[in-house]
Structure formats: structure tokens, C-alpha cells
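*Asks:* sequence and predicted model, in that order:
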Amino acid sequence: RLQIGIGTSNSTIDTRTGAWLQAHGYAWATSVLALNNWANANYPGVAQVFGAWDPEPSWSSFAAADAWMHGYDSRPGRRLMFVNASADGCSTTNANNDPCNNGWNQHRVWHLAWEHDPSLPIPQIYTNSGNQAHQWMLIDLWATVHVGDGMYLYGSMSQWGACRQVGGCPTTDNTPHEAHDQLLWWLQTDARTTQPSLQTMTDMNWNS
């Protein structure tokens, strides 16, 4: 079965008003739902369409990203959302709602990746060092301990294919399996975040 995520991001959205962002999120959800209905009618049992969303702390304020997600979430019948997010600047040592880039923190990353009802987190695990996997484990641990609502991480995203097309990325070119294994390993280092498996993995590439 083919799972297709129709994606956008929070890049450059700080120039938009909250009302515009909510309307755009709602419209995105409407388009995704319509495309999934088309896929069900034409390819029943073969293709499913979901939303996809790349919120990154370095790219916008939290308030702007959250406004967009509220718009998507408010659409009746909206499809589930693959959240292929980053955790820019988040801690690799503590789970105390530590700060991330651009005024975000562990709570805010968790909120967008998980607390909104349609969210299925598939975090970016690009770095060979495993730091990004550790960041997400600590965000999950913070939510488990302080909110009582730890995440179920649905999968991992790498950028191996994109790196090969631009001649290599010396420190951020995990293969899909490396990204998957790093994230699962870190989750399993603490009984409060462990999960037996990750359902999926996906890789970033460019359409040339």
C-alpha cells in the first residue's frame, strides 16, 4: 500500500497573520481530504493520502506554526498528518523543557509533533552523531514525565538521497536504516520512552 504525504512547512510564515495561517491550514486539510477521497475512488486499497508538515524552530515563531496547525486540525474529517519535524537547538542532555532555537522549547516541539490530534511524528534524523535522535528521545521523556503524554514516534526521516544528489553531506547523510536504528536505539535507552519498533522510515530526495 502506498502512503502519500502532501507536505508543506513553516518556512517564511512569520510574514502572515494568524487568520491567514489558520485559513491556509484549513484549506490544506481540505485539499488533502479531497485527494484521499479521489485515491479511494480510483485506487481502492492501494493508495492512501495524508497531510505532511515540516515545522522547524529555526524557520518561524512557534505562534505562527501553531496557528497553521490549528487551522488544519479544525477541518472536519481532516486526514492524519505526518509531522516530519526537526528539533533545532533542543537539548541533548536534559528533559526539563529546555530551550530550542527561536524561542521554542521541548514542550512546543512536542505540542506540534504530537498534542494536535492528527499528528504522527516522523522526525528528521539526519546527523551521523545521533544527536537528533537523542533530542527527540529527551522531548518524549519530558512529555512522559511532566505531561503524562509521551509520544508514539511513527517513523524516521533521513536525507541520504538528497545528499547524494548534491555531492554529499559530511555529517548529515544517515541512510534510512541508520536513521531508523539511531532513533529506536535512543528510545530504548529509557523504559519511559521505549517502544518496540518504528512503523516506517522515509528518505528525502530531489525531483530533478
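*Replies:* Here it is on my side, so go on. Residues are numbered from 1 along each chain as shown.
*Asks:* contact partners of stretch 54-63?
*Replies:* Residues from elsewhere that reach stretch 54-63 (Cβ atoms under 8 Å, 6 or more residues apart in numbering): 7-14, 18, 65, 69, 83-90, 100-104, 108-109, 112-113. Just so you know, the C-beta spots here come from the backbone N, C-alpha and C atoms, and that holds for glycine as well.
*Asks:* among those residues, the buried ones, what's the PyMOL command?
*Replies:* Command for PyMOL that selects the buried part of the contacts of stretch 54-63, burial taken from 16 or more other Cβ atoms under 10 Å:
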select buried, resi 7+8+9+10+13+65+69+83+84+85+86+87+88+89+90+100+102+104+108+109+112+113
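*Asks:* and residue 119, its phi and psi?
*Replies:* For residue 119, the backbone dihedrals (degrees, to the nearest 10) come out as phi -70, psi 130.
*Asks:* isn't it right up against residue 83?
*Replies:* Yes. With contacts counted by Cβ atoms under 8 Å, residue 119 reaches residue 83, the gap being 4.9 Å.
*Asks:* who touches both of these two?
*Replies:* In contact with both residue 119 and residue 83: 112-113, using Cβ under 8 Å, 6+ apart.
*Asks:* coming back round to it: the contacts of stretch 54-63 in strands, which ones?
*Replies:* Using DSSP state E, the members of the contacts of stretch 54-63 that fall in strands are 7-9, 83.
*Asks:* which one of the residues you listed is nearest to residue 180?
*Replies:* Residue 180 has its nearest neighbour among the ones in strands among the contacts of stretch 54-63 in residue 83, at 16.7 Å by Cβ to Cβ.
*Asks:* if we can go back for a sec, show me the contacts of stretch 54-63 that map onto helices.
*Replies:* If you go by DSSP state H, the contacts of stretch 54-63 have 18, 65, 69, 108-109 in helices.
*Asks:* farthest-separated two in the residues you listed?
*Replies:* 18 and 109 (20.0 Å).
*Asks:* wait, residue 107 sits on residue 98?
*Replies:* No. Counting by Cβ under 8 Å, residue 107 sits too far from residue 98 to count as a contact (9.8 Å).
*Asks:* are we agreed that residue 94 is in a strand?
*Replies:* No. Counting by DSSP: H, G, I helix; E, B strand; the rest coil, residue 94 is not part of a strand but coil.
*Asks:* do you know how far it is from residue 53?
*Replies:* 26 Å (Cβ to Cβ, to the nearest Å).
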